[in-house]
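>>> Quick one, what's the 3D model for this:
(chains A and B)
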Amino acid sequence: MLTLNDSVTAPLLAATVALPLLGAVALLLLPSGGAAARAAGRIGVAVTGAALAGTLLLTAAFDRDTAGEPQAVTDVAWVPALGIRLHLGVDGISLPLLVLTALLCLLCAVHVLRRPPAGEGGAGPRGLVALLLVLETGTLTTFAALDLILFFLAFETVLIPMYFVISRWGGAERAAAAWKFVLYTLLGSVVMLLGFLLVGLQAGTFDMVVLAEAHGDGLSRTTQILAVLAIGVGLAVKTPMWPLHSWLPDAHTAAPTVGSVLLAGVLLKLGTYGLVRIVLPVAPEGIRFFAPYLAAFAVTGIIYGSLACLALVRAGAGGDLKRLIAYSSVGHMGFVLLGIATLTPTGVNGALFANIAHGVITALLFLVVGAVRERTGTTDLDRLAAHGGGARLYGRTPRLGALLAFTAVASLGLPGLAGFWGELLAMLGAFNPAEGLARPVFVVCLAVAGLGTLLTAAYLLQVVRRVCAGSQPAPAPSPDGTGPPGASPAPPADAADGDTADGDAVDAGSAPTGTATATGTAATATAATTATAERPSGADRQPELPDLRGDEAALFLPLAALTLLIGLWPALLLRLTDPAVQLLLEGVGR
Amino acid sequence: MSLVQTIDWVALAPPTVVAVTAVAVLLTDLFLPEARKRHLGTVAVAGLALALLTLLPLQRGDRTTFCLADRPDVCSYSADTFAVVIQLIVLGGALIAALLTLPELTRQRGDDATGALPRGEFWFLLLASASGAALLPAARDLATLILAMEVTTLPAYALVALRRGDRLGPEAALKFFLTSVVATAVTLLGISFVYAGSGSLFLGGIADGLATAAPALDALVRAGVVLTLVGFAFKTAAVPFHFWVPDTYLGAPLPVAAYLSVVSKTAGLAGLILVTSVAFPDLGGTWGPVLVVLAALTMTAGNVAALRTDPDRERSTVRLLAWSSVAQAGYLLVPLAAAGYAQDADGRSAAVGAAVAYAVMYAAVNLGTFAVAVHVAGRAGRHRLTDHRGLHDRNPLTALALGFFLLCLAGLPPGVAGLFAKIAVIRSAVQAELAVLAVVAAVNVVIALVYYLRWAALLFRPAAASAPDTPARPEPHGAPAPTVGVPTAESVPEPESVPEPEFAPVPAGPVGAAGPTGAVRSASTPRGAQPASEGRAAAVTGAHDADTAPRAPRPAVPVAVAIAVTALLALALSVAPQLMLALTSPGTLF
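Residues are numbered from 1 along each chain as shown, chains lettered A, B, ... in the order given. Reported below is the predicted structural model:
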């Protein structure tokens, strides 16, 4: 380990946080033209790479023995009139998130460099890279901020760039999705601002360290409850917690790959991080009041997300793979919230672990899905799974297929991979919640969450089967007569869904399936004939799909390796977070 | 005791210089030949810049004059910090409005043509109104206050209707005039009631007099207080005294609308502050609730109306700006309402400071928005929001500046200045425990974001898509190559094609000559009144050069200067919000 003192690491942290913003300004001031557009990608990679190097250096210099206290602290008065300070620092909770953010931003920058957006008008790579850099500054600052108003400022900084990323580089329905995203989250965060102001004015300071050390002293119970309600709503929208999640599926579906990666990998973490960093230590009485409700909402989210995914994954439902991952995020973040709601070190550590794991795994999932979409031109599950015309990744692109399967399995929480530990610890925390919390409530939540893990496994395995293996047991033309009805798992009751999917689908392959489910066995013969008429030609026409390319592998493998690493060696993270969590929870335990 | 009063001319200098310039311009106009009348503009701009310079010796804010002989602490004119800051806003605002008018008046062939603005009268009226606005914040008795308010408003009626052969203007002016006169009459009635109760017209004397007023007069005094507010609420364009705003702005020349939206509004705000917090500090229970209702109504009504603006209609830019200025007036009123609930003088001073800080931010940003709108309207001539499409492709820096202004108005990063101003405003409401008002203000931030962001997003859209349905501007697309005659690419009936040998080459010359001098003055003086601005002078000129750098068609030089100055001010306020928020420290203003 490097031994650097604060006089070196503090400027390093400040520089790491500010560098992407400077890069973005420089990009915007570049004279426009072809050269600038080409340079933009490289500048983006260089700046995000430098930021990642900065965070890695901070990690190397991080003193693990005092992981509970902020290190590399910069504390400068900024707006003395309102008592706002530029107060930055890292501790064991924020450090992994800083590294994760920097890593994902670098991967996104590489993604943009290798696949620059086509660019309508000025919508070339330059704007996208600049927005990514602003996003990076915003998220890094949020994770490093130790002042409530600075936290709020950084929290808000991500809104506008993400709006533009979705609305300009997104897919279908992007305008509506972008509006929903920005208005929903802004509504949450202005309410959060009211909570911050309430806390800051009552306690007389916006300094998170001072507030955390006070453990809610100087704040009346009413204030704490009001503050937790206001701040919690803002953070819950961002997390997102059921029932405030409805912006997320639309945003994810419409966002471009880099947008989805950052949204899932980084932006959602802002919400849960805020809960742990601000709500737990600052208003312990308030969070104790709300903990059972939070747990209930959390497990509702788990079940809701899983059921939504199960509905989307059915054949003929017309489900979108990105939308499915978005709903699965609602479920996964439910585990994180459950862990936080237990108010125990076990649960909160689990929540923070699940936070990181979700960031790594879901980012990887979105990258892989982006690669699949590049090859097949769709993320529609029915078309990907379509008999004869589908993706069949195992057969056609074995490496990509294996990677998708690996990521899905990691996401469902297979022991040995990253997804496992966080959810286990969160549920363990729920089995034995903090003193004073109603244990029966939490045990019920635990049971429901357990059911949720089952459902999660069910839909993710179905995704793997449908996308990687295809919907048909064998794509050979011989078992045609019995094929379609037996192969489609959807019961006939879903005729309506099937019909709509049929209407949307222009692909030749999905048409027979839809008709078959709609009309039942009576129509099997006709459907089969249509299918036989089209399938061979369809199979012949299917172009070769390129397997995982070198540059893609370079993007995906770090995340896959990270999934494996923290899955096999969870202590790597837990040793960092635990001391900080113990400190933050001191007030709650009293 | 001397019978001859000593008058502190230094303290009186700002309004006096402007008034003297106004008279000088009016007289010069009589003797100048037609061809040289363009110099009137230079004189007017120079006079305003000089008036700004005279604020420098007043920085300490401790000068008073026209005091009572027997009570030297009761004065009619006080150049305290409050007065100096408001004078900075109104004089700076008038200067920017003058700069925005320069290109049109320089280009204009004669004063009698249809659509022309009579130059001598225009400059006289603008300066006269500005001198009233500069006098108003320093006035410390109700007679001077009303006088100053009318001096501000009366020339404004004429300014609105000044354009020859225009049908909208006179109608708008008449509406403005009639409603304004009624409001003033109501205020005078209120003042007479207050005088009856307190026996004094001096603001300080009223506060003392009301404390010892006969209880029987209580109802009269309270009615008087509320009635007094009406006239000032009218000038501030608070709902329900706002109905003149859209029509007046639509009918007025764009720079005059900019002037009304900043100078006239700030003057009204200053009047409101003086009558509430200075004259009736102990009657907060009476005017506080009134202002709470006004503020909530104003924000909400303004934002909702702005939201309903159809971006494709004629003059939709002005309509949107009109309603947005109404909504912004609501934010300005929030801290004033909070001042009514403050416990002590310090609390009142902090709340009023938040309002003034917001006014500083609003003035810079709103003038910048108008400056860009003047530039775009000069090109397209139809004042439609959709004319802003593709601005980023044509003038990248102008588009970035406008995007920044709009986000400042919306109060979201990267518009940090706006964010902090809004935080200060909402903070004052939270501090006064006005929970409902704080929530209304917060929700209004979300509503306002829709139309500001919609506009900002337009800037970055490609213009090509809208080209076919806008026959009004074929020439910019046809000629993307740099046109050398900078301010000539406007759609006003071609000035150059007229065979007037001595006039044809003129436009670029005097504009160029007036521009840079204006830049230097206006860039250095507003900041000169604030501490710690030495090192920024170099940055000012540097960025100014950058802003007027390549790309056709560029903004005319004075407009470019206005954009650059306001952008730099907004940027400075974003980097160092303390510059404006220092005003919220208790005891700074009075």
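
>>> Residue numbers of chain A in contact with chain B?
Counting by C-beta under 8 Å from any C-beta of the partner chain, chain A comes close to chain B at A:28-29, A:31-32, A:78-82, A:84, A:120-123, A:127, A:134, A:138, A:149, A:152-153, A:156-157, A:159-160, A:163-164, A:167-168, A:179, A:182-183, A:186-187, A:190-191, A:193-194, A:197-198, A:201. From N, CA and C alone the C-beta is placed, and that goes for glycine too.

>>> List only buried entries from the residues you listed.
Buried members of these, counted by 16 or more other C-beta atoms under 10 Å in any protein chain shown: A:28, A:78-79, A:81-82, A:84, A:121-123, A:127, A:134, A:138, A:149, A:152-153, A:156-157, A:159-160, A:163-164, A:167-168, A:179, A:182-183, A:186-187, A:190-191, A:193-194, A:197-198, A:201.

>>> From the centroid of the chain, which residue is nearest?
Looking at chain A here, since you left the chain open. A:A264 (2.0 Å; C-alpha atoms, centre = their mean).

>>> switch to chain B, that's the one I care about
The geometric centre of chain B, computed from its C-alpha atoms, lies nearest to B:V262 (C-alpha atoms, centre = their mean), at 1.4 Å.

>>> Wait, B:L105 touches B:P118, no?
No. The criterion here is C-beta atoms under 8 Å, and B:L105 misses it with B:P118 at 9.7 Å.

>>> What confidence value was assigned to B:T517?
Among the per-residue scores, B:T517 holds a pLDDT of 36.

>>> same question, the one 3 residues further on
On pLDDT, B:V520 comes in at 36.

>>> where along the stretch 1-150 of chain B do the strands fall?
B:62-67, B:75-80 (DSSP state E, counting those that start in this stretch).

>>> So for B:P137, which of those sits nearest?
Closest to B:P137 of the strands of the stretch 1-150 of chain B is strand B:75-80 (C-beta to C-beta; 9.1 Å).

>>> Just the buried ones among the residues of chain A next to chain B: which are in helices?
Under the assignment DSSP state H, those contribute A:28, A:127, A:134, A:138, A:149, A:152-153, A:156-157, A:159-160, A:163-164, A:167-168, A:179, A:182-183, A:186-187, A:190-191, A:193-194, A:197-198, A:201 to helices.

>>> what about the residue lying closest to A:A264 once chain neighbours are set aside, neighbour count?
Leaving aside its sequence neighbours, A:A264 sits nearest to A:T362 (C-beta to C-beta, 6 or more residues apart in numbering or on different chains; 4.1 Å). By other C-beta atoms under 10 Å in any protein chain shown, the residues close to A:T362 number 28.

>>> how near is A:T362 to A:L446?
Between A:T362 and A:L446 the distance, using C-beta to C-beta, to the nearest Å, works out to 24 Å.

>>> what residues are up against B:T276?
With contacts defined as C-beta atoms under 8 Å, 6 or more residues apart in numbering or on different chains, B:T276 is in contact with B:229, B:284, B:287, B:291, B:336, B:339-340.

>>> can I get these in CSV with distance to B:D80?
Below are the contacts of B:T276 laid out as CSV (distance: C-beta to C-beta, whole Å):
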residue, distance to B:D80
B:L229, 22
B:G284, 21
B:W287, 21
B:L291, 22
B:L336, 18
B:A339, 17
B:G340, 21
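
>>> Would you reformat the residues you listed as JSON lines and include pLDDT?
Formatted as JSON lines, these follow (pLDDT from 0 to 100):
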{"residue": "B:L229", "pLDDT": "89"}
{"residue": "B:G284", "pLDDT": "85"}
{"residue": "B:W287", "pLDDT": "90"}
{"residue": "B:L291", "pLDDT": "92"}
{"residue": "B:L336", "pLDDT": "92"}
{"residue": "B:A339", "pLDDT": "92"}
{"residue": "B:G340", "pLDDT": "90"}
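
>>> Check which residues of stretch B:19-37 are buried.
By 16+ other C-beta under 10 Å, the buried positions in stretch B:19-37 come out as B:19-22, B:24-26, B:28-29, B:32, B:37.

>>> wait, stretch A:206-220
Buried residues in stretch A:206-220, counted by 16+ other C-beta under 10 Å: A:206-209, A:211-212, A:214-216, A:219.

>>> coming back round to it: which one of the buried residues of stretch B:19-37 is nearest chain A?
Nearest to chain A out of these is B:A19 (C-beta to the nearest C-beta; 34.2 Å).

>>> Report pLDDT for that closest one.
Note on B:A19: pLDDT of 95.

>>> Distance check, the residue nearest to it when sequence neighbours are not counted against B:Y451.
Nearest-residue entry for B:A19: B:S131, 4.0 Å, with adjacent residues in sequence omitted and distances by C-beta to C-beta, 6+ apart. Counting by C-beta to C-beta, the gap from B:S131 to B:Y451 is 35 Å.

>>> that older thread, out of the strands of the stretch 1-150 of chain B, which is closest to chain A?
Of all the strands of the stretch 1-150 of chain B, strand B:75-80 sits nearest to chain A, with 18.1 Å by C-beta to the nearest C-beta.

>>> pLDDT averaged over the closest one - what is it?
89.

>>> quick one: low-confidence ranges for chain A?
A:1-4, A:32-34, A:118-123, A:387-391, A:471-543, A:589-590 (pLDDT under 70).

>>> Sort out which residues of the longest helix belonging to it are buried, please.
In chain A, ranked by residue count with DSSP H as the criterion, the top helix is helix A:345-376. For helix A:345-376, the buried set under the neighbour-count rule, 16+ other C-beta under 10 Å, comprises A:345-373, A:375-376.

>>> Also stretch B:261-268?
By neighbour count with 16+ other C-beta under 10 Å, stretch B:261-268 contains the buried residues B:261-268.

>>> do the same with stretch A:392-409
Under the neighbour-count criterion of 16+ other C-beta under 10 Å, stretch A:392-409 has A:392-394, A:396-397, A:400-401, A:403-409 buried.

>>> Is any residue of stretch B:582-590 near chain A?
Yes. Counting by C-beta under 8 Å from any C-beta, chain A has neighbours in stretch B:582-590: B:582-585.

>>> Name the residues that touch that stretch?
Contact partners of stretch B:582-590, identified using C-beta under 8 Å, 6+ apart, comprise A:80-82, B:80-82, B:85, B:278, B:345-347, B:349-350, B:352-354, B:356-357, B:360, B:424, B:428.

>>> okay, it in PDB with CA atoms only?
Provided in PDB are the C-alpha atoms of stretch B:582-590 (Å, rounded to 0.1, in the frame of the first residue of the first chain):
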ATOM      1  CA  ALA B 582     -23.300  37.700   0.800                       C
ATOM      2  CA  LEU B 583     -26.400  40.000   0.800                       C
ATOM      3  CA  THR B 584     -28.200  37.400   2.900                       C
ATOM      4  CA  SER B 585     -25.900  38.000   5.800                       C
ATOM      5  CA  PRO B 586     -27.900  39.800   8.500                       C
ATOM      6  CA  GLY B 587     -27.300  43.500   8.600                       C
ATOM      7  CA  THR B 588     -25.700  43.800   5.200                       C
ATOM      8  CA  LEU B 589     -28.400  45.700   3.300                       C
ATOM      9  CA  PHE B 590     -29.600  48.500   5.500                       C
END
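
>>> can you give me the mean pLDDT across that stretch?
Stretch B:582-590 comes out at a mean pLDDT of 83.

>>> centre of the chain versus that stretch, how much separation?
From the chain centre to the centre of stretch B:582-590 is a distance of 22 Å (C-alpha atoms, centre = their mean, to the nearest Å).

>>> Leaving out sequence neighbours, find the closest residue to residue 400.
All of this is about chain A. If the residues on either side of it in the chain are set aside, A:L400 comes closest to A:L548, at 5.0 Å by C-beta to C-beta, 6+ apart.

>>> should've been chain B
The shortest distance from B:L400 to any residue other than its chain neighbours is 6.3 Å, reached at A:L28 (C-beta to C-beta, 6+ apart).

>>> That's all I had, so thanks and see you.
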